[in-house]
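Asker: When you get a sec, could you give me coordinates for this:
(one chain, ligands or ions: 2)
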Amino acid sequence: MAKERPTRTQRRRGLSIESLEERRLLASDWQNPIEPADVNDDSIVSPIDLLLVINDIRKSGSRVLDASSLDTTTLFVDVSGDGILSPIDVLQGINALRSRTPRPTVDFLHLKAFGAKGDGVTDDLAAINEALSRARAENKRLYIPAGTYLHSAPFSIESQEVFGVGRRSIFLAGDPLNSVIYLRGTNPVLRSVSHVINTGSLTRQSTGPQASIAAWECDGLLIDNVTILGGTSIGILSYGGKGTASAPAMITNCRVSNTLADTIHLTHGSEWIVVENCLCRNGGDDGIAVVSYAGDPSITRNIVIRNNDVGYTTWGRGIAVSGGSDVLIGNNTIARTESAGILIYSEEFWKTIAVQRIIVRNNILTEVSSNPVKHHPAILIGGSTDYLVENVTVEGNTITRPNFDGIRVDAFVTSIALTSNAITGVPDGKQAINISEEARPYVTVS
Ligand SMILES: [Ca+2]
Ligand SMILES: [Ca+2]
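Answerer: Ligands and ions are numbered 1, 2, ... in the order given. Below you'll find the model as predicted:
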């Protein structure tokens, strides 16, 4: 069922591979998304809400609200929604009390109305599925209030929007081998929730049901302000997820950590996707990967990866294009990866296909590539006997203290430009720029 979702500001921006924007602030997880002045979330704006803000300021002072952990206890004290608790929140609360404006028409259903317990122990899967189904039928959004909702099996968000209050609206996978939340259909939206998967002693998996969030062959897609902790496979997977040039699919402001496979992975003909302002930490494989295989329905293409903070991987690269075209990797921060910080490669071993028209610009790579057996450079470019890597611009990047070479270009490439890259702290015996004999006629350095 297709629906119009005109309120999404991200959708109006359009996608230009050349445009890099300022970082946007994360949504405040301490503002009530339904009624900003309803601090205690009892559906009424009353003087009690004001008192709660005043008491909090008295007790702990004005402050930036902690954005570092899952937190199910703090009230919605950030009335103004700027991420800071201050007297401004009191003033806006007073204004809301005075104005007595009628509440807007409710356009969402409440998960707890369907019997979900949110206690982290009861299996809420049936309630979640019933709520999703009803919300779809009534063309409403589904609100996930603060709580921990155990789901014993996967569920699907289909052509609809699910939203919560960030790190306090937690989906907890009951089975780490059957954990996925699917996004399907047209313009599915998942916003401001968390997904926790306790992997225990399990080893890495690599199929859909073991991912945390999987955008599965959907048209349009928004995953925003989603926190993912753990998982035996990929954190956020786009398997054939597609945006368009004028309305790109968006994966924004997400925090993905402790997955056993890639933290974010785009494949199977995914296209027109922006991955922006995401934090990827301690993944078991690549931080953000664009991957195309010979058997895919089409090449994964038209991807923008910008302003992300990636690193501290136990295995894998920071940002990788292994089969893909028209990809911009811009203004990302990459540190302490196990393999190359950025990899642009057709990988014969994995049967990935051609790599074309890639811009790698203004990224900051620090102390990347720790594995002494692989000895990857900070940025690694190369093709395979079957597939060339062509038209790659590597420009304005800052590489500091790489463990091996700064930039290395292997064989099977054409039209490679390395321009104005600042490379410092290269170890003795390693090179800032290392171009293979075979690649030399095809690489310009300036
Ligand atoms: Ca209230
Ligand atoms: Ca505030």
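
Asker: residues from the stretch 51-200 of the chain in reach of ligand 2?
Answerer: 78, 80, 82, 84, 89 (Cβ under 5 Å from the ion). For every residue, glycine as well, the C-beta is placed using N, CA and C.

Asker: could you redo those residues as TSV and give each row neighbour count and distance to Asp107?
Answerer: What follows is those, written out as TSV (neighbours: other Cβ atoms under 10 Å; distance: Cβ to Cβ, whole Å):
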residue	neighbour count	distance to Asp107
Asp78	24	22
Ser80	18	23
Asp82	16	25
Ile84	15	28
Asp89	28	25
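
Asker: So which of these belong to strands?
Answerer: Members of these lying in strands (criterion: DSSP state E): Ile84.

Asker: Relative to Val445, which of the residues of the stretch 51-200 of the chain next to ligand 2 is nearest.
Answerer: Asp82 (45.6 Å; Cβ to Cβ).

Asker: List the contacts of Met250.
Answerer: Listed by Cβ atoms under 8 Å, 6 or more residues apart in numbering, the contact set of Met250 reads 10-11, 221-224, 243, 273-274, 276.

Asker: For the buried ones among the residues you listed, write the corresponding ChimeraX selection.
Answerer: Listed next is the ChimeraX selection for buried residues among these, using 16 or more other Cβ atoms under 10 Å:
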select :11,221,222,223,224,243,273,274,276
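
Asker: From ligand 1, how far off is the residue of the stretch 201-350 of the chain found nearest ligand 2?
Answerer: Across the stretch 201-350 of the chain, the shortest distance to ligand 2 (Cβ to the ion) belongs to Asn225, at 16.8 Å. Noted for Asn225: a distance of 23 Å to ligand 1, by Cβ to the ion, to the nearest Å.

Asker: and that residue, how many residues sit next to it?
Answerer: 23 (other Cβ atoms under 10 Å).

Asker: next one: Asn282
Answerer: Asn282, neighbours per other Cβ under 10 Å, totals 15.

Asker: Surely it is in contact with Arg255?
Answerer: No. Applying Cβ atoms under 8 Å as the test, Asn282 and Arg255 come out as separate, 11.2 Å apart.

Asker: May I have the beta-bridge partners of Ser169?
Answerer: Gly147 (DSSP bridges).

Asker: contacting residues for it?
Answerer: Counting by Cβ under 8 Å, 6+ apart, Ser169 has contacts 144-147, 149, 192-194.

Asker: Which of the residues you listed ranks first by neighbour count?
Answerer: Busiest of these [other Cβ under 10 Å] is Ile144, holding 27 neighbours.

Asker: re earlier: tell me the one among the contacts of Ser169 nearest to Asn178.
Answerer: Using Cβ to Cβ, the contacts of Ser169 come closest to Asn178 at Tyr149, 15.6 Å.

Asker: can you give me phi and psi for Pro87?
Answerer: phi -60, psi -20 (degrees, to the nearest 10).

Asker: Against Gly164, how distant is whichever residue of the chain sits closest to ligand 2?
Answerer: Residue nearest to ligand 2 within the chain: Ser80 (3.6 Å; Cβ to the ion). According to Cβ to Cβ, to the nearest Å, Ser80 stands 20 Å off from Gly164.
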